[in-house]
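>>> build the 3D model from these lines:
(2 chains)
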2 protein chains.
Amino acid sequence: MVFCMDPYGIRRVVSPPGVLPQQAQVLDPTLPLGEDELSIEVESLNVDAASFRQIEHSVGTEPASIAAEVRSIVEARGKMHNPITGSGGMLIGRVKEVGPRHPAARTLHPGDRIATLVSLTLTPLRLGEIRKVRPEIDRVECSGEAILFATGLWARLPPDVPEKLALAVLDVCGAPALVKRHARPGQRVLVIGAGKSGALVCAQASEALAGKGEVVAADRSPAALATLAALGACDKVLALDATDAVATLHAVEGAGGPFDLVVSCASVSGTEMAAILSVRDGGTVIFFSMATSFTAAALGAEGVGKDAELIIGNGYVPGHADLALGLLHRHPRLRAWFEDKYAR
Amino acid sequence: MVFCMDPYGIRRVVSPPGVLPQQAQVLDPTLPLGEDELSIEVESLNVDAASFRQIEHSVGTEPASIAAEVRSIVEARGKMHNPITGSGGMLIGRVKEVGPRHPAARTLHPGDRIATLVSLTLTPLRLGEIRKVRPEIDRVECSGEAILFATGLWARLPPDVPEKLALAVLDVCGAPALVKRHARPGQRVLVIGAGKSGALVCAQASEALAGKGEVVAADRSPAALATLAALGACDKVLALDATDAVATLHAVEGAGGPFDLVVSCASVSGTEMAAILSVRDGGTVIFFSMATSFTAAALGAEGVGKDAELIIGNGYVPGHADLALGLLHRHPRLRAWFEDKYAR
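Predicted structure coming up:
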């Protein structure tokens, strides 16, 4: 045990000096555990899909070749940080040791099963044996040891939720948690995008409105909207293409006018103006879509003189994992759909 | 006068059909004035610097050649929207006619001198005579007629402020206005970037704190910081390179720890992590830098488990122009510096 506080893991950066672990070329996963660190006995790596495809493209689809490439990356970098795609993934394992000054010192114990919610691009990792490569779910089953810093997010894997379902939910759990902070009874809320995060956001917004106001789901797929409506996750649906700002404006005008809160969970780029035109003056837009362009949002709002608060969807809100899992627990139909669609 | 409401100017889009004026290839500036539109007798175009340089690069630096190219663009597109750079600029002129249903129908009158605060990329424009090309200030003095839609922002040019000073201030007036909404007495505020918008933000934050709390200005230029401190616009200064997140973290720790409110006015890219590491949990970061990466901010905060509200600096807040000009009025030393540095 090393007696020092290093919440961002800076002491484990080998090269280049003076950067954060995510920007580092090489991390040192072999240092003794710090007082504010947590070590994990790894069970499996959920490699980012883009990274997995790149590895297959580079070395072929033979499990042994993929395993060798993963090992080569981790041995070179001290983390599973694909140097070509720049992406990582997350991992599942059991708590090995919790430093006495780690924030979870009293809540986590050796043997607890957890998933990391921070990227593998900043997680120090030593690999043991690679037991199995499962390309169909971008997974590498292996032993090994990983380190979480004091600021590194994790979630306990609930025994009553299938692992794949839990991971699918944890992947987007920041969205409903942030929406819970902003949605208020009486509001009209528009959720753009009826996918995984859009569905959770609709359900969470509906809870937050407590029967006063309305949640409207928008998507270009009528089938996705019909499903969401059938699940009871929203009050109304609007079929529209959010890359078409003018058509979206007309659809919103036909649906009762601009909204108090607009949440963008769109999976495509070019939807910033649709979101901005859909919110009322004084309202709020939260952008969760990773395809959001900062300048398109900032300059777009100015260009149409819209006084709206524009929020970058921070993936972390305290308690977000429990909140999202709780949402599924309270919505069995949503859970069944989620399981069928994203966790088969 | 055309009797219709068209706050975004969609009816003036010629091609392609169904887009907003900014995305349009061609606008029609010749349509009769709409009930909710405003027409302007143009005096000069302040062409975006990138656009002006591209035109010089393309046709040479002869004023007549530049004038011909500007005319050619405006005649082809119905707006001064450089097809290569995609950028516009703004214009100065006198109000010609105000539609009875324009929001400024009671506040603006024919002959009032105004600047447009929306981009020329969405402003319908017909050129008359081009009187003078002034490459040293990216300006084209000309006659002509421009149209503002109901949502198009403008500012009255105050008679007691030199025009160049007013334009320099209006260019960044959204920043202090948004900061005024978020800064509260008792807070510790960090402003990253001691340039034009950083200086206004420091002065506005200091006013908002009303003597309780502190405003700290950070920049990599000790000279810029010394100037800001001498102007009395901030309480403390921190010399740091915000592209170096770890060094920024150490500097912030040495200056009393994380801040309640961090405002990024940096002019370079790669400063998102520095801003995120500088704010306390539960605090707010406002990003005004156009070099901000949406994903770097969203994923960066998640990667270090920071629960901060991340805000996209919307360039428009009602009353922003008057607020910024008023700030200069109350800070004669700041005004003198601004004039010397940005409006000579």
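
>>> got a list of what residue A:269 touches?
A:243, A:289, A:291, A:292, A:293 (CB atoms under 8 Å, 6 or more residues apart in numbering or on different chains). Placement of C-beta: from N, CA and C, glycine included.

>>> partners of the helix or strand harbouring residue A:190, with directions?
Element membership of residue A:190, judged by DSSP states H and E, is strand A:188-192. Strand A:188-192 has these partner strands in its sheet, going by DSSP bridges: strand A:214-219 (parallel), strand A:259-264 (parallel).

>>> please enumerate residues in contact with that strand?
Outside strand A:188-192, the residues within contact range by CB under 8 Å, 6+ apart are A:183, A:198, A:201-202, A:205, A:209, A:213-219, A:234, A:238, A:242, A:252, A:256, A:259-266, A:271, A:274-275, A:278-279.

>>> what's the answer for stretch A:132-145, then?
With CB under 8 Å, 6+ apart as the test, stretch A:132-145 has contacts from A:29, A:39-49, A:52, A:56, A:61, A:63, A:66-67, A:70, A:89, A:96, A:125-131, A:164.

>>> give me the mean pLDDT for that stretch.
Average pLDDT, stretch A:132-145: 94.

>>> give me the number of residues near the closest residue to residue A:149 other than its chain neighbours?
Distances taken as CB to CB, 6 or more residues apart in numbering or on different chains place residue A:9 nearest to residue A:149, at 4.0 Å, with adjacent residues excluded. As a burial measure, residue A:9 scores 27 neighbours (other CB atoms under 10 Å in any protein chain shown).

>>> again, but for the one 10 residues further on
Counted with other CB under 10 Å, residues neighbouring residue A:19 total 17.

>>> quick one: contacts for the residue nearest to residue A:149?
By CB under 8 Å, 6+ apart, the contact list for residue A:9 reads A:20, A:21, A:27, A:37, A:122, A:124, A:147, A:149, A:152.

>>> which two of those residues have the greatest separation?
Farthest apart among the contacts of residue A:9 by CB to CB are A:20 and A:37. That separation is 15.5 Å.

>>> what about the strands in chain A?
Counting by DSSP state E, residue ranges of the strands within chain A are A:13-15, A:26-27, A:38-47, A:89-98, A:113-116, A:125-134, A:139-148, A:154-156, A:188-192, A:214-219, A:236-239, A:259-264, A:279-287, A:309-312.

>>> export these as a markdown table, with columns for mean neighbour count.
Formatted as a markdown table, the strands of chain A follow (neighbours: other CB atoms under 10 Å in any protein chain shown):
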| stretch | mean neighbour count |
| --- | --- |
| strand A:13-15 | 16 |
| strand A:26-27 | 20 |
| strand A:38-47 | 23 |
| strand A:89-98 | 21 |
| strand A:113-116 | 21 |
| strand A:125-134 | 16 |
| strand A:139-148 | 22 |
| strand A:154-156 | 20 |
| strand A:188-192 | 29 |
| strand A:214-219 | 26 |
| strand A:236-239 | 18 |
| strand A:259-264 | 26 |
| strand A:279-287 | 20 |
| strand A:309-312 | 24 |
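
>>> with distance to residue B:102 as new columns, can those be given to me in CSV?
Shown next, in CSV, are the strands of chain A (distance: least, CB to CB, whole Å):
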stretch, distance to residue B:102
strand A:13-15, 58
strand A:26-27, 60
strand A:38-47, 56
strand A:89-98, 53
strand A:113-116, 55
strand A:125-134, 62
strand A:139-148, 58
strand A:154-156, 53
strand A:188-192, 27
strand A:214-219, 31
strand A:236-239, 30
strand A:259-264, 25
strand A:279-287, 16
strand A:309-312, 26
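
>>> one step back: ramachandran angles for the residue nearest to residue A:149?
According to degrees, to the nearest 10, the main-chain angles of residue A:9 amount to phi 70, psi 30.

>>> could you check how many residues crowd around the residue of the stretch 51-200 of chain A found nearest chain B?
The minimum distance from the stretch 51-200 of chain A to chain B, using CB to the nearest CB, falls at residue A:151 (4.1 Å). Neighbour count for residue A:151, taken as other CB under 10 Å: 20.

>>> what's the burial count for the closest residue to residue A:281 other than its chain neighbours?
What sits nearest to residue A:281 in space, not counting adjacent residues and going by CB to CB, 6+ apart, is residue A:307, at 4.8 Å. Neighbourhood size, residue A:307 [other CB under 10 Å]: 18.

>>> for residue A:307, what are phi and psi?
The phi/psi pair for residue A:307 (degrees, to the nearest 10) is phi -90, psi 80.

>>> measure it to residue A:297 for me?
Counting by CB to CB, to the nearest Å, the separation of residue A:307 from residue A:297 is 14 Å.

>>> ok, now residue A:246?
From residue A:246 to residue A:297 the distance is 18 Å (CB to CB).

>>> with residue A:50 instead?
24 Å.

>>> re the thing from before, so what's the residue nearest to residue A:281 up against?
Taking CB under 8 Å, 6+ apart as the test, what residue A:307 contacts is A:281, A:282, B:314, B:316, B:317, B:318.

>>> what of residue A:86?
With CB under 8 Å, 6+ apart, residue A:86 has these contacts: residue A:121.

>>> which of the contacts of residue A:269 are close to chain B?
For chain B, the contacts drawn from the contacts of residue A:269 by CB under 8 Å from any CB of the partner chain are A:292, A:293.

>>> could the contacts of residue A:269 be laid out in JSON lines, adding pLDDT and neighbour count?
Rendered in JSON lines, the data for these read as follows (pLDDT from 0 to 100; neighbours: other CB atoms under 10 Å in any protein chain shown):
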{"residue": "A:243", "pLDDT": "96", "neighbour count": "16"}
{"residue": "A:289", "pLDDT": "90", "neighbour count": "24"}
{"residue": "A:291", "pLDDT": "89", "neighbour count": "15"}
{"residue": "A:292", "pLDDT": "92", "neighbour count": "24"}
{"residue": "A:293", "pLDDT": "93", "neighbour count": "17"}
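
>>> which among the contacts of residue A:269 gets closest to chain B?
residue A:292 (4.8 Å).

>>> isn't the closest one up against residue A:264?
Yes - Residue A:292 is within contact range of residue A:264, at 6.9 Å (criterion: CB atoms under 8 Å).

>>> what touches both of these two?
Common neighbours of residue A:292 and residue A:264 (CB under 8 Å, 6+ apart) are A:271, A:272.

>>> which positions in the stretch 201-344 of chain A make contact with chain B?
Taking CB under 8 Å from any CB as the criterion, the stretch 201-344 of chain A approaches chain B at residues A:244-247, A:249, A:273, A:277, A:287, A:290, A:292-295, A:297-299, A:301-318.

>>> buried among these? Need that as a selection in PyMOL.
Selecting only the buried entries of those in PyMOL, with 16 or more other CB atoms under 10 Å in any protein chain shown as the criterion:
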select buried, chain A and resi 244+245+246+249+273+277+287+292+293+294+297+298+299+301+302+303+304+305+306+307+308+309+310+311+312+313+314+315+316+317
